[in-house]
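Visitor: Here is my input; please provide its structure:
(one chain, ligands or ions: 1)
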Amino acid sequence: MRSHDRGHVERVVRLARYIAAREGADVEVVEAAAELHDLARGEAGHARRGAERAREILRARGHPEEFIERVVHCIEAHSFSEGVEPRTLEAKVLSDADKLDAIGAIGVARAFLYSGENGRSLEETLLHFERKLLALHERLHTATARELAAPRARFLREFYRRLVEELGFPGGRGDWGDAEGERVQ
Ligand code: NI
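Guide: Residues are numbered from 1 along each chain as shown. As a prediction, this is how the structure comes out:
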């Protein structure tokens, strides 16, 4: 198991399909985009590179150009950090599905897997929670995804709070964070 493995792709496909159906998005475009969204994972600019690779694959499969460009836009816009805003409902659905797989119990599991893969400490993982994961549910585009995210976000926060508490026992947070206490309310 890795943080970005076939299991991640399969979960994103299922989530994206579910959200697309509820939101009235084009399910075929969303499915193809979800399946191919992390082709270039691990490379710099993975969303743009992955989108290019997906274009070649979809051409080889004989899809029409119009369909291909709609899928390509979803992939290039799915990564928040690469700065391409999702312009279509389908791109918003993929972005939401990918974020949902980063929160909740799955999010906790994947965060620590990723840390193991990259040699990050427990404390560095908590900083990743604070800088990214705890706010992900506020960056969702669709009502369906916000609904799915609410219990996952609550669990993530509860896990984070307990870990902070246990790591700080006894006598505060130590030298890795804000000794005043929790930053996230
Ligand atoms: Ni992904």
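Visitor: how near is residue 78 to the ion?
Guide: Distance from residue 78 to the ion, counting by Cβ to the ion, to the nearest Å: 7 Å. Heads up, the C-betas are built off the backbone N, CA and C, glycines and all.
Visitor: Need the three-state assignment for that residue.
Guide: Here residue 78 is recorded as coil under DSSP: H, G, I helix; E, B strand; the rest coil.
Visitor: got a list of what it touches?
Guide: Applying Cβ atoms under 8 Å, 6 or more residues apart in numbering to residue 78 gives the contacts 33, 37, 47, 86, 91, 94-95, 98.
Visitor: if you set the cut-off to 6 Å instead, what comes out?
Guide: By Cβ atoms under 6 Å, 6 or more residues apart in numbering, residue 78 lies in contact with 37, 47, 94-95, 98.
Visitor: tell me, which of those residues make contact with the ion?
Guide: Residues of these in contact with the ion (Cβ under 5 Å from the ion): residue 98.
Visitor: ok, and the most crowded of the contacts of residue 78?
Guide: residue 94 (32 neighbours; other Cβ atoms under 10 Å).
Visitor: And for it, nearest residue in space, chain neighbours not counted?
Guide: Closest residue to residue 94 apart from its sequence neighbours, by Cβ to Cβ, 6 or more residues apart in numbering: residue 74 at 4.4 Å.
Visitor: circling back to that earlier point, may I see the contacts of residue 78 organised as JSON lines, with secondary structure and pLDDT added?
Guide: Listed next are the contacts of residue 78 as JSON lines, based on DSSP: H, G, I helix; E, B strand; the rest coil; pLDDT from 0 to 100:
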{"residue": "37", "secondary structure": "coil", "pLDDT": "96"}
{"residue": "47", "secondary structure": "helix", "pLDDT": "94"}
{"residue": "94", "secondary structure": "helix", "pLDDT": "98"}
{"residue": "95", "secondary structure": "helix", "pLDDT": "97"}
{"residue": "98", "secondary structure": "helix", "pLDDT": "97"}
